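Peer 1: All I have is the shape, not the residue letters:
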């Protein structure tokens, strides 16, 4: 019993000790569970690791983008240079040379070149593997850096209008300017059209001097007044120079038949060809719109003749009108009649059409000069002047004080000095064989000065001074003029319209030995300084070089990828 009691007491002691230890452990565990010290250290370590990883990713990405950007820039420049149609070197060699000079040859994987007559496409295939430093922690050991680039140069849908000065100064004094212009323009046509196998480029020719002669074919598509049919020039009002279009349905004032310079006899040719009419009517200078055939275009250029004054504003007006979409009906009608190729029947294109461009080249060797017109009372209707078949004239003066009111001027007396000579006789009745002339017919046969001097100054007064003063009065009665400054303003208005954002016509201008005023007007008209050229000499090489530069500039160069 005693032994059992001792064992029991020992077991009880152990149990008590265990309970005490367990109690202490429970108390420590409770205190540990309530203790929060050190928790932020673990969280901070986790955030630090994340920040290190994100920062490392940024470093890797910056290294990647630096490499990619350098490769892309080199690829773009190389493909653009290699795609140029004026590039005479091997296109693949050009790309390889760009990468070699940039120290990036190892990344150039290949060069693909597609080359035809009027089209070149170059693709540079580039690939670089950039090893990572920090992103390896996420299992990304390298980044791939592709930088492929494709460029193409092609002759796209293009409208070109050549507005060319054919005034008298182009040949006066033995000048070779017109001859050299023909060489340059012909070479321009060859350069632009020789490789246009898809027939996407049209060229219009608008010759101008004091006026623009439309020619019967083009004029038939417009509504000209019918006071005469001696020419197909148009006298525009000031308001017409504030718009691009010339409406085919609006009535246009047919230009007057007027020689404002001559003063003796009849004109060399009564139909106005190659004479002193302000609107010269030589068919070789007629407007030729929307052509593609190289021989036809070169024949038109080589047929140009030089005569008359200078109206750059009128040339610009018709050049701009032919590029305005409002002329589409005119071109369609010309196409149906065979004057314009069928594949151009939908031209001119709308402004800003995709893959299309409008380009105008304006060349002049002069400056705007006075533009002469007949005043309204003498534009139309019957005149008091009669003409015999041999050219002799009679004028009826109802207001003279004497009874004989018909002044007869024989053709044999045309050359006599009207101030001091008796050049005609007065008669009571109209002689037989004379036909009444309209005012346009009068001025088609005779210069304004001749009519004023021989039919008014000489018969109405006596004395040299009185006759001269009377003639001057009637010259002022007959004609008026638009001053060069006004024409400069009109030209400026049209150039602004051409270059406006809603039209975006590229205007090239060439001052070919032009005076200061002409240079200023042409310089201001150009799209910018790079589009204006001034030539100080008549050398054919110089103007040919300018036209060739324009031809290459017109080709559309664009980065496609």
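Peer 2: Everything's here; your move. Please read all numbers here as calculations on a predicted model, not as lab measurements. Numbers count the residues shown, from 1 in each chain.
Peer 1: Count the residues that sit near the closest residue to residue 429 other than its chain neighbours.
Peer 2: Closest residue to residue 429 apart from its sequence neighbours, by Cβ to Cβ, 6 or more residues apart in numbering: residue 406 at 6.6 Å. Just so you know, the C-beta spots here come from the backbone N, C-alpha and C atoms, and that holds for glycine as well. As a burial measure, residue 406 scores 20 neighbours (other Cβ atoms under 10 Å).
Peer 1: same thing with residue 355?
Peer 2: 12.
Peer 1: Same question for the one 5 residues further on.
Peer 2: Each residue near residue 360 was counted by other Cβ under 10 Å, and the total is 28.
Peer 1: where's it, which helix or strand?
Peer 2: According to DSSP states H and E, residue 360 maps onto strand 356-364.
Peer 1: again with residue 80
Peer 2: Assigned by DSSP H and E, residue 80 falls in helix 39-83.
Peer 1: next helix or strand past that helix?
Peer 2: Next along from helix 39-83, by DSSP H and E: helix 91-101.
Peer 1: Could you list every helix and strand that the helix or strand just after that following helix packs against?
Peer 2: Next helix or strand after helix 91-101 toward the C-terminus (DSSP H and E): strand 108-115. Helices and strands touching strand 108-115, by 3 or more Cβ pairs under 8 Å, 6 or more residues apart in numbering; DSSP states H and E, are helix 91-101, strand 119-131.
Peer 1: need these in a markdown table with distance to residue 237 and mean pLDDT, can you?
Peer 2: Compiled in a markdown table, these are given as follows (distance: least, Cβ to Cβ, whole Å; pLDDT from 0 to 100):
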| stretch | distance to residue 237 | mean pLDDT |
| --- | --- | --- |
| helix 91-101 | 54 | 91 |
| strand 119-131 | 46 | 81 |
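Peer 1: can you put the ones you listed in JSON lines and add mean neighbour count and distance to residue 341?
Peer 2: Below are those laid out as JSON lines (neighbours: other Cβ atoms under 10 Å; distance: least, Cβ to Cβ, whole Å):
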{"stretch": "helix 91-101", "mean neighbour count": "18", "distance to residue 341": "32"}
{"stretch": "strand 119-131", "mean neighbour count": "19", "distance to residue 341": "21"}
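Peer 1: how about those, which one is nearest residue 163?
Peer 2: When those are compared by Cβ to Cβ, strand 119-131 sits nearest residue 163, at 28.9 Å.
Peer 1: Give me the sheet partners of that closest one and which way each runs.
Peer 2: Strand 119-131 sits in its sheet next to strand 108-115 (antiparallel), strand 142-146 (antiparallel), strand 149-154 (antiparallel), going by DSSP bridges.
Peer 1: Buried deepest among the ones you listed, which one?
Peer 2: For those, the largest average neighbour count (mean count of other Cβ atoms under 10 Å) is found in strand 149-154, namely a mean of 21.
Peer 1: before we move on, back to that, of the helices and strands packed on strand 108-115, which is nearest residue 489?
Peer 2: Judged by Cβ to Cβ, the one of the helices and strands packed on strand 108-115 that comes nearest to residue 489 is strand 119-131, at 43.2 Å.
Peer 1: what angle sits between the closest one and helix 91-101?
Peer 2: 30 degrees (axes from the mean of the first three to the mean of the last three Cα atoms, to 10 degrees).
Peer 1: what's the spacing between strand 119-131 and its chain's center?
Peer 2: 36 Å (Cα atoms, centre = their mean, to the nearest Å).
Peer 1: now the helices and strands packed on strand 108-115 as JSON lines including distance to residue 536?
Peer 2: Below are the helices and strands packed on strand 108-115 laid out as JSON lines (distance: least, Cβ to Cβ, whole Å):
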{"stretch": "helix 91-101", "distance to residue 536": "36"}
{"stretch": "strand 119-131", "distance to residue 536": "36"}
